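# got a sequence here, can you model it:
(one chain, ligands or ions: 1)
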Amino acid sequence: MGGVDRTSPEFRSYVELYDRASLLELGQLADDVRWKLHPEHVVTYIIDRNINYTNVCVADCKFCAFYRRPKHPEGTCCRTRKSAARSTS
Ligand code: SF4
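Purely as a prediction, here's the structure:
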């Protein structure tokens, strides 16, 4: 985070708030700031795409239901026409 003074009392107060507030409290506070900065009734969002060229992986993350080990019959590799079209739209 360039430009952020992590030693400032303000920064520390935000970290403390993050540590003790519930998710709903944080969401309400974030919404309060959003209304303060942007009182207009327009909300936008960003479409974020992570294009996976392959589902073949050897990391074996325990939570992952996506990956297939090398040579697995459901393993895929390379760009499909569908993913190529989505990445350029
Ligand atoms: S999350 Fe899945 S695909 Fe990603 S590194 Fe872990 S096992 Fe591989």
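# got the domain ranges for this structure?
Residue ranges for the domains of the chain, per automatic domain parsing: 1-44, 48-89.
# mean confidence score for the first one?
What domain 1-44 shows for mean pLDDT is 91.
# helices or strands next to the top helix by length along the chain in the packing?
Longest helix in the chain, counting residues (DSSP state H): helix 23-37. Helices and strands touching helix 23-37, by 3 or more CB pairs under 8 Å, 6 or more residues apart in numbering; DSSP states H and E, are helix 9-20. Yep, even glycine has a C-beta here, placed from its N, CA and C like the rest.
# wait, which of the domains of the chain is closest to the ligand?
Closest to the ligand of the domains of the chain is domain 48-89 (CB to the nearest ligand atom; 3.0 Å).
# for the protein, what lies in contact range of the ligand?
57, 59, 60, 61, 64, 66, 67 (CB under 6 Å from any ligand atom).
# and those residues, which two are the farthest apart?
By the measure CB to CB, 60 and 66 form the most distant pair in the residues of the chain next to the ligand, at 11.9 Å.
# quick revisit: so which of the residues of the chain next to the ligand are in helices?
Per DSSP H, these never map to helices.
# and these as a markdown table, adding pLDDT and neighbour count?
Converted to a markdown table, the residues of the chain next to the ligand look like this (pLDDT from 0 to 100; neighbours: other CB atoms under 10 Å):
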| residue | pLDDT | neighbour count |
| --- | --- | --- |
| 57 | 95 | 15 |
| 59 | 95 | 6 |
| 60 | 93 | 8 |
| 61 | 93 | 9 |
| 64 | 94 | 10 |
| 66 | 92 | 9 |
| 67 | 95 | 17 |
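# contacts only, for residue 21.
residue 29 (CB atoms under 8 Å, 6 or more residues apart in numbering).
# now do it against residue 13, distance only.
According to CB to CB, to the nearest Å, residue 21 and residue 13 sit 12 Å apart.
# tell me the pLDDT of the residue nearest in space to the middle of the chain.
Nearest to the centroid of the C-alpha atoms of the chain, with distances taken as CA atoms, centre = their mean, sits residue 48, at 8.2 Å. What the model reports for residue 48 is a pLDDT of 86.
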